[in-house]
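Visitor: Give me a model of this one.
(one chain, ligands or ions: 1)
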Amino acid sequence: MSEIIDRHFSAFKGELTKLYGFKPGYHFLDLTLGDGGHTEEALSAGCRVVSFDVDPEAIKRAIDFVPKKYKPLIIDPEQVTENIPKAFTWVIIKSNFVKVAEIVKSLALPKFDGIMADLGPSQYQVLSPGRGFSFSVDEPLDMRLDKNLGVTAADLLAVLNEGELSDLFDIADEPFAKPLARIIVKQRQITPIVTTKQLSEIVSKVKRFRIQGKIHPATQVFMALRMAVNLERDNIRELIPHLPELLNKGGVVGVISFHSGEDKIIKEYFEEMENKQILRAINKKPIEPSDKELQISQRTRSAKLRLAKKYS
Ligand SMILES: C[S@@+](CC[C@H](N)C(=O)[O-])C[C@H]1O[C@@H](n2cnc3c(N)ncnc32)[C@H](O)[C@@H]1O
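Guide: Numbers count the residues shown, from 1 in each chain. Predicted coordinates for the structure are as follows:
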């Protein structure tokens, strides 16, 4: 699998060293390992890195991509028995990042100089066959990053009522949220909507004459379902109150989001922390990818990076 889908193009890769001030011995927490681009940048600057990911497939790929001289210690918090050596180089933790504070405490890990959360799925997860994220292939509408989650995208389409579906699509800025919800509820009485193709055809039919441009008409609906299945906004809300306690004084936390709703959560949280003199936003406006980055890949065009520093 790893060989056929290119490595995820990491937003702001190559820029973290300067933004965070990576140096040998710097203690970095990568909450979203993915294909390991950010972790690798930190490791190669001499940092000691703890990386989280909820998807075992992502962990395997990251280990494949990161140079072999960095040998990770892989921890499954459900089964952990060994102590983490004080002078570790790279620890990978198989877990949802919402549990980070509890896990860091139980493993007696020291505080961090820098933390990164690069939200959403990786390109690999979206393009990988059988996961149900993409409208370009016909497959079951699954969309779970973590197979332990109980509810798939098809389940949501089957059980949510018209109002709930419309609200869900609204969150991803779908302009036709209401008519789409109405048609989905009608359509599912005839046939259950269980595949990416079925859903993408329904959306395309509703939006056919109203939408122009390069973006596929089903983009927002697929994004809305993915965010709901993986509880993405709930996870961010659950994570952020723990960030200050994980940081050393003067440490930096960064969050990369790809959706305005997520960016708003981070912006408001940083403002609240600034008022309490706990974190100070480094950039008032989010940092966007450079022209150089966008020339290499358009994938990160909607990425926004907010950074904040813990008060000393
Ligand atoms: C955008 S990718 C990160 C890419 C990575 N920064 C890189 O440079 O390759 C996001 C990764 O975070 C993981 N992820 C998403 N939500 C998570 C969560 N709540 N807890 C742990 N991992 C999560 C996904 O499985 C995915 O592998």
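Visitor: Just give the number of residues close to Leu33.
Guide: 28 (other C-beta atoms under 10 Å). Where you see a C-beta, it was placed from the backbone N, CA and C, and this is true even at glycine.
Visitor: Regarding the protein, what is its longest helix?
Guide: Across the chain, the helix with the greatest residue count (assigned by DSSP state H) is helix 260-275.
Visitor: List the buried residues in that one.
Guide: By neighbour count on 16 or more other C-beta atoms under 10 Å, the buried set for helix 260-275 is 262-263, 265-267, 269-270, 273.
Visitor: got the buried residues for whatever helix or strand comes next after that helix?
Guide: Remark: after helix 260-275, the chain's next helix or strand is strand 279-281, criterion DSSP states H and E. Of all the residues in strand 279-281, those buried under the rule 16+ other C-beta under 10 Å are 279, 281.
Visitor: for strand 279-281, packing partners?
Guide: helix 260-275, strand 304-310 (3 or more C-beta pairs under 8 Å, 6 or more residues apart in numbering; DSSP states H and E).
Visitor: among these, which is nearest Lys13?
Guide: Lys13 lies closest to strand 304-310 among those, at 11.5 Å (C-beta to C-beta).
Visitor: And the contacts of that closest one?
Guide: 11-12, 19, 244, 247-258, 263, 266-267, 270, 273-274, 278-283, 286-288 (C-beta atoms under 8 Å, 6 or more residues apart in numbering).
Visitor: Just give the number of residues close to the residue in the stretch 201-312 of the chain that the ligand sits nearest to.
Guide: Taking C-beta to the nearest ligand atom, the ligand has its nearest neighbour within the stretch 201-312 of the chain at Asn235, 4.3 Å off. Neighbourhood size, Asn235 [other C-beta under 10 Å]: 18.
Visitor: which bits of the stretch 201-312 of the chain sit near the ligand?
Guide: By C-beta under 6 Å from any ligand atom, the part of the stretch 201-312 of the chain that sits against the ligand consists of Asn235.
Visitor: Figure out how far stretch 96-114 is from the centre of its chain.
Guide: 18 Å (C-alpha atoms, centre = their mean, to the nearest Å).
Visitor: okay, how far is it across that stretch, tip to tip?
Guide: 19 Å (C-alpha to C-alpha, to the nearest Å).
Visitor: what's in contact with that stretch?
Guide: Stretch 96-114 has contacts (C-beta under 8 Å, 6+ apart) with 20-22, 26-29, 31-32, 42, 47, 50, 52, 54, 75, 77, 80, 83-84, 91, 93, 95, 117, 146, 235, 238-239, 242, 245-248, 250-254.
Visitor: Mind checking which of those residues land in strands?
Guide: 27-29, 50, 52, 75, 91, 93, 117, 247-248, 250-254 (DSSP state E).
Visitor: Which two of these have the greatest separation?
Guide: That would be Ile75 and Gly250, which, of the ones in strands among the contacts of stretch 96-114, are the farthest apart (C-beta to C-beta) at 27.3 Å.
Visitor: Give me the more crowded residue out of the two.
Guide: Ile75 (20 against 11).
Visitor: Please determine how far the more buried one is located from Lys99.
Guide: 12 Å (C-beta to C-beta, to the nearest Å).
Visitor: same check, this time on Ser10
Guide: Taking C-beta to C-beta, one finds Ser10 at 24 Å from Lys99.
Visitor: quick one: which of those two has more around it?
Guide: With neighbours defined as other C-beta under 10 Å, Ser10 and Lys99 compare such that Ser10 has more, 26 against 17.
Visitor: Find me the pLDDT at the more buried one, would you?
Guide: We have a pLDDT of 95 for Ser10.
Visitor: Spatially nearest residue to it, not counting backbone neighbours?
Guide: Nearest non-adjacent residue to Ser10, counting by C-beta to C-beta, 6 or more residues apart in numbering: Gly37, 3.0 Å away.
Visitor: contacting residues for that neighbour?
Guide: Gly37 is in contact with 7-10, 13, 65, counting by C-beta under 8 Å, 6+ apart.
Visitor: and the stretch 1-150 of the chain, which residues reach the ligand?
Guide: With C-beta under 6 Å from any ligand atom as the criterion, the stretch 1-150 of the chain meets the ligand at residues 8, 10, 32, 34-38, 52-55, 58, 96-97, 118, 120-122, 145.
Visitor: Once you drop chain neighbours, what's closest to Asp170?
Guide: Ala177 (4.6 Å).
Visitor: And for Val221?
Guide: Setting aside the residues directly before and after it, Val221 is nearest to Val203 in space (C-beta to C-beta, 6+ apart), at 5.2 Å.
Visitor: Let me know whether the one you found touches Ala181 as I believe.
Guide: No - in this structure, Val203 is not within contact of Ala181 by C-beta atoms under 8 Å, at 11.2 Å.
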